[in-house]
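Asks: Kindly generate the corresponding structure for this input.
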Amino acid sequence: MSKVDNFTDDVYLGSNTPKEWWIRCVAKLDTGATRTSIDTKLCNFLRLEKCGTTKVTNAMGSQRRKLVWLTLIWNDEVFRVKASVTDREHLSTPIILGQDILSSTEQ
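Replies: Numbers count the residues shown, from 1 in each chain. Predicted structure coming up:
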């Protein structure tokens with residue numbers, strides 16, 4: 001994997017299927033986001049397992065979002081996190097990496 005720029009990077013996302021498979025996509029690195037977030041359609045494509053809900057507050061206001069278990073590889077490390085699900089179709093990347101992942105890789 002290679003760094004795309006200072007704000008985005010390649011990640012590999014794992015499916016939640018009996019025979020696991022991986023896809024590569026570009027993720028936005030967002031130090032202002034508490035939690036990692038994934039696009040609704042990508043979540044459905046990967047068949048990610050629901051694990052609850054959370055309240056998210058951002059510039060658009062507050063909303064309740066579904067949480068799913070997401071397994072991803074970034075910087076040669078494997079992460080399994082609860083990611084929030086939202087429509088990111090109109091945004092530049094289908095996933096953002098939040099502090100739940102970014103803070104665990106700080107030296």
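Asks: Name the helix or strand of the chain that has the lowest mean pLDDT.
Replies: Lowest by mean pLDDT, DSSP states H and E among the helices and strands of the chain is strand 50-58, with a mean of 87.
Asks: Contacts for it, please.
Replies: For strand 50-58, contacts defined as Cβ atoms under 8 Å, 6 or more residues apart in numbering pick out R35, S62, Q63, R64, R65, K66, L67, V68, W69, K82, S84, T86. For the C-beta atoms, the positions are set from N, CA and C on the backbone; glycine is no exception.
Asks: Selecting buried members of these in PyMOL, what would you type?
Replies: Buried residues among these (16 or more other Cβ atoms under 10 Å), as a PyMOL selection:
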select buried, resi 35+65+66+67+68+84+86
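Asks: And the furthest pair within the contacts of strand 50-58?
Replies: Spanning the widest gap among these are S62 and W69, at 23.6 Å by Cβ to Cβ.
Asks: for the helix or strand where I101 lies, the distance to its chain's centre please.
Replies: Assessed by DSSP states H and E, I101 sits inside helix 99-102. Mean-position distance between helix 99-102 and its chain equals 10 Å (Cα atoms, centre = their mean, to the nearest Å).
Asks: which of the residues in that helix are buried?
Replies: Across helix 99-102, burial judged by 16+ other Cβ under 10 Å covers I101, L102.
Asks: quick one: what helix or strand has the residue nearest to I95 when sequence neighbours are not counted in it?
Replies: Nearest non-adjacent residue to I95, counting by Cβ to Cβ, 6 or more residues apart in numbering: A27, 4.5 Å away. Under the criterion of DSSP H and E, A27 resides in strand 22-29.
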